[in-house]
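[1] whatever this is, show me its structure:
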Amino acid sequence: MLAWGMSFVAARFLLHPETAGQATLSPIVLAAVRFSIASLFFVVPFARALLLRQIARRDLLRMALLGQLTFSLYFWLQYEGVQQTNAGISSILVVGLIPVVTALLAQLSGKERMHLTTLGALLLGFMGVAIIVLQRPLTMTLASGFLLGALCLVGNAFAFAAYSTLSKRWMQRVSPLVMTGGTMISGAAGLVLLSLLDPLRNQWGVVTQLDGIQWMALLFLSVVCSVMAYFAYNSALTKIDASRVAVYIYCEPVVAVLFGVTLLAEPLSWQIIAGGVLIAGSVAMVNLIKKKGDGKHRIFS
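    Numbers count the residues shown, from 1 in each chain. Take a look at the predicted model:
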């Protein structure tokens, strides 16, 4: 979570550099380069699993789906949002919503029953999102792309919640190492193909223009945030419920905001603090309900 929190700052540094003369990557190219590099670390174990026939055809199809969901769609939406907003706001909107959305998907899938207090927790979380999104005048957000970026980040949270729920279920047959490698290779391929659909905006030649500090940020995203962090996350999913794992993601906004303020000189407004507190409160309510089990007040059965 420490690595993923810093990833918002590293991504912002590559998508919207503050120093004149530094290269600027498009969201899709950044995601494609990041996971193309990270996928190299998983080629050998994934190929070995294929040769030993440890992966069924059904598992390959599931990895392909998860790869497009959590890498192609997820990071395209995330980097669009980071580019239009900033690192701190991005982390709060994405990370703040993931535990709440994960709980909501569990309700919709029929595995859990919706309590009245759960509904209140979900509404509290969305109130926090609204405060953050509407911290600027609406006319300004429409002109600057801030509102579009915020909506991308909300969709981003839904994509990751779906990934956590599905991968938790499907890793009963496949090891975390193979599942991480298969989904990442599939996602990297999808991102590369997606970048080729708009070659004017997604110019791969810009990658060669990155300076030394930007390359350090890119390698940090590829190796630490992708290889190490995703493997650790999938390993945790094999031992802990998806909704409980998602709670730990709340370490990310704190890291992202602190580094965003100190390294990128991003503003820290009262709306960001208030919205983050409301979202954190909603997650605390959801997990308190989960610990108590079935309560008395249910609105769905």
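[2] just to be sure, A23 is in a strand?
    No. Secondary structure of A23 (DSSP: H, G, I helix; E, B strand; the rest coil): coil, not part of a strand.
[3] for it, which non-adjacent residue is closest in space?
    Distance criterion Cβ to Cβ, 6 or more residues apart in numbering; nearest residue to A23, sequence neighbours excluded, is Q209 at 3.9 Å. Where you see a C-beta, it was placed from the backbone N, CA and C, and this is true even at glycine.
[4] that neighbour - how many residues pack around it?
    Each residue near Q209 was counted by other Cβ atoms under 10 Å, and the total is 13.
[5] pLDDT at it, what is it?
    The score at Q209 is 92. That number is its pLDDT.
[6] between the two ends of stretch 45-60, how far is it?
    Across its full length, stretch 45-60 reaches 14 Å end to end, with Cα to Cα, to the nearest Å as the criterion.
[7] could you shift the numbering so residue one becomes 46, and keep it that way?
    In the new numbering, first residue 46, that becomes stretch 90-105.
[8] gap between it and the chain center?
    26 Å (Cα atoms, centre = their mean, to the nearest Å).
[9] what of stretch 58-67?
    Its chain's C-alpha centre lies 22 Å from the corresponding centre of stretch 58-67 when counted by Cα atoms, centre = their mean.
[10] what does that stretch rub up against?
    Outside of stretch 58-67, the residues that reach it under the criterion Cβ atoms under 8 Å, 6 or more residues apart in numbering are 68-72, 75, 124, 127-128, 255-256, 258-259, 262-263, 266, 308-310.
[11] L236 against F120, yeah?
    Yes. Under the contact definition of Cβ atoms under 8 Å, L236 touches F120, with a separation of 7.2 Å.
[12] okay, and the common contacts of these two?
    In terms of Cβ under 8 Å, 6+ apart, L236 and F120 are both contacted by the residues 76, 80.
[13] in this protein, where's the longest helix?
    Under DSSP state H, the helix in the chain containing the largest number of residues is helix 191-215.
[14] only whichever of the contacts of stretch 58-67 are buried, select them in PyMOL.
    The following PyMOL command selects only the buried members of these, with burial defined by 16 or more other Cβ atoms under 10 Å:
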select buried, resi 69+70+71+72+75+124+127+128+255+259+262+263+266+309
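[15] filter the contacts of stretch 58-67 down to the ones in helices?
    Judged by DSSP H, these include 72, 75, 124, 127-128, 258-259, 262-263, 308-309 as members of helices.
[16] excluding its backbone neighbours, what's nearest S271?
    A83 (3.6 Å).
[17] wait, the one you found sits on V268?
    Yes. If you go by Cβ under 8 Å, A83 and V268 touch, sitting 6.9 Å apart.
[18] quick revisit: next one: the longest helix of the chain to chain centre, how far?
    On the basis of Cα atoms, centre = their mean, the separation between the geometric centre of helix 191-215 and that of its chain is 7 Å.
[19] what is that helix packed up against?
    In terms of contacts (3 or more Cβ pairs under 8 Å, 6 or more residues apart in numbering; DSSP states H and E), helix 191-215 is packed against helix 102-112, helix 119-129, helix 132-153, helix 161-178, helix 183-189, helix 221-241, helix 274-282, helix 287-292.
[20] would you mind getting the angle between the second one and helix 102-112?
    What it means is helix 119-129. Angular relation of helix 119-129 and helix 102-112 on a 0 to 180 degree scale: 10 degrees, by axes from the mean of the first three to the mean of the last three Cα atoms, to 10 degrees.
[21] what helices or strands is helix 119-129 leaning on?
    helix 47-60, helix 72-84, helix 132-153, helix 191-215, helix 221-241.
[22] comparing those by mean pLDDT, which bottoms out?
    Mean pLDDT, when computed for each of the helices and strands packed on helix 119-129, is lowest for helix 132-153, at a mean of 71.
[23] re the thing from before, how about JSON lines for the helices and strands packed on helix 119-129, with distance to R103 added?
    Output for the helices and strands packed on helix 119-129, formatted as JSON lines (distance: least, Cβ to Cβ, whole Å):
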{"stretch": "helix 47-60", "distance to R103": "30"}
{"stretch": "helix 72-84", "distance to R103": "22"}
{"stretch": "helix 132-153", "distance to R103": "22"}
{"stretch": "helix 191-215", "distance to R103": "9"}
{"stretch": "helix 221-241", "distance to R103": "12"}
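[24] quick check: R98 is in a helix.
    No. When the secondary structure is assigned by three-state DSSP, R98 falls in coil instead of a helix.
[25] burial measure for it, as a count.
    7.
[26] repeat for I176
    Taking other Cβ under 10 Å as the criterion, the count of residues near I176 is 20.
[27] leaving out sequence neighbours, find the closest residue to it.
    Nearest one to I176, counting by Cβ to Cβ, 6+ apart, is G320 at 4.0 Å.
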